[in-house]
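Chemist: With the input below, show me the fold.
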Amino acid sequence: MQRRTYVAGIASALTAAVAGCSALGSDDGGSGSEDGDDDENDDGRDRNGGGDGALLNPSFEDDLTGWTVGKDLPTVPGQEEGLVDHGVRSVQRQAVDGESAVEFYISGIADDGTIWVEQSVDLTDVEAVAIDGYSRQASFNQISKVAFFAGEKPDRDLEEADFDRSVQAEGHEGWKTHSYDVTDVSGTVTVAFGISVVWETEVRRLFDNVVLVTADG
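Modeler: Modelled structure (predicted):
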């Protein structure tokens with residue numbers, strides 16, 4: 001297994017196919033919604049879903065089963081303790097695959113903070129990890145970033161600095177596929193994704209349809 005430097009690219013179109021199984025993790029934060037139309041697309045991407053070492057619950061149809069929530073967040077400005085408001089939850093709206101998507105929420109009151117979901121996945125023969133992200137409208141201002149990690153997890157918990165945060169989360173309108181090259185990674189490693197806030201505002205972002213892209217796909 002190797003730790004790697006990520007190459008973030010943007011693939012187009014989306015896909016279907018679902019797998020589900022067990023595990024954990026939610027930290028709900030507040031209310032709110034984003035408006036938009038559902039998309040149904042099939043670009044032929046091959047999903048590695050279900051079974052030992054494979055991706056579990058890739059479209060969040062079974063709440064957050066299979067995923068563990070992680071966070072690297074600041075305290076509320078002016079306070080010695082108490083993290084900024086945040087949350088991760090499965091929601092049934094605007095899903096691009098199935099009925100559900102995952103929503104990440106961070107209060108940007110401190111202009112900082114990263115929150116994500118992670119799980120162990122076998123990336124043998126996998127060339128890329130593709131994740132569909134939703135933005136209600138395109139923004140020229142960089143408000144938040146997509147956070148992505150794939151590799152051997154450090155002995156400590158993941159931190160914001162471990163993630164590739166090169167892609168703006170709201171640089172498009174509607175659904176868009178973010179594709180990350182993982183050809184330098186092999187074996188069973190940790191795959192994690194979420195958002196980092198970089199603007200002093202409340203941020204909510206939807207993601208769905210995590211796909212392991214193989215050579216055949």
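Chemist: For the spatially closest residue to Ile109 that is not a sequence neighbour, the count of nearby residues, please.
Modeler: Closest residue in space to Ile109, ignoring its immediate chain neighbours: Val84 at 5.6 Å, by CB to CB, 6 or more residues apart in numbering. All C-beta spots, glycine's among them, are computed from the backbone N, C-alpha and C. Residue neighbour count, defined by other CB atoms under 10 Å, stands at 23 for Val84.
Chemist: Pull the contacting residues for Val84.
Modeler: Leu73, Pro74, Thr75, Val76, Ile106, Ser107, Gly108, Ile109, Ala110, Gly113 (CB atoms under 8 Å, 6 or more residues apart in numbering).
Chemist: how does it look with 10 Å?
Modeler: 29, 71, 73-77, 106-113, 115, 197, 202 (CB atoms under 10 Å, 6 or more residues apart in numbering).
Chemist: Among these, which ones are in helices?
Modeler: Taking DSSP state H, every one of these sits outside helices.
Chemist: Just the buried residues out of those, in ChimeraX syntax.
Modeler: Applying 16 or more other CB atoms under 10 Å to the contacts of Val84 leaves a buried subset, and the ChimeraX line that selects it is:
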select :29,71,73,74,106,107,108,109,110,112,113,115,197,202
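Chemist: ok so, going back, could you check how far the residue nearest to Ile109 is from Gly187?
Modeler: Val84 sits 35 Å away from Gly187, going by CB to CB, to the nearest Å.
Chemist: Pull the number of nearby residues for the closest residue to Ala215 other than its chain neighbours.
Modeler: Nearest non-adjacent residue to Ala215, counting by CB to CB, 6+ apart: Glu127, 6.0 Å away. Neighbourhood size, Glu127 [other CB under 10 Å]: 16.
Chemist: Same question for Ala161.
Modeler: Neighbour count for Ala161, taken as other CB under 10 Å: 8.
Chemist: and what of the one 5 residues further on?
Modeler: Residues near Ser166, counting by other CB under 10 Å, number 14.
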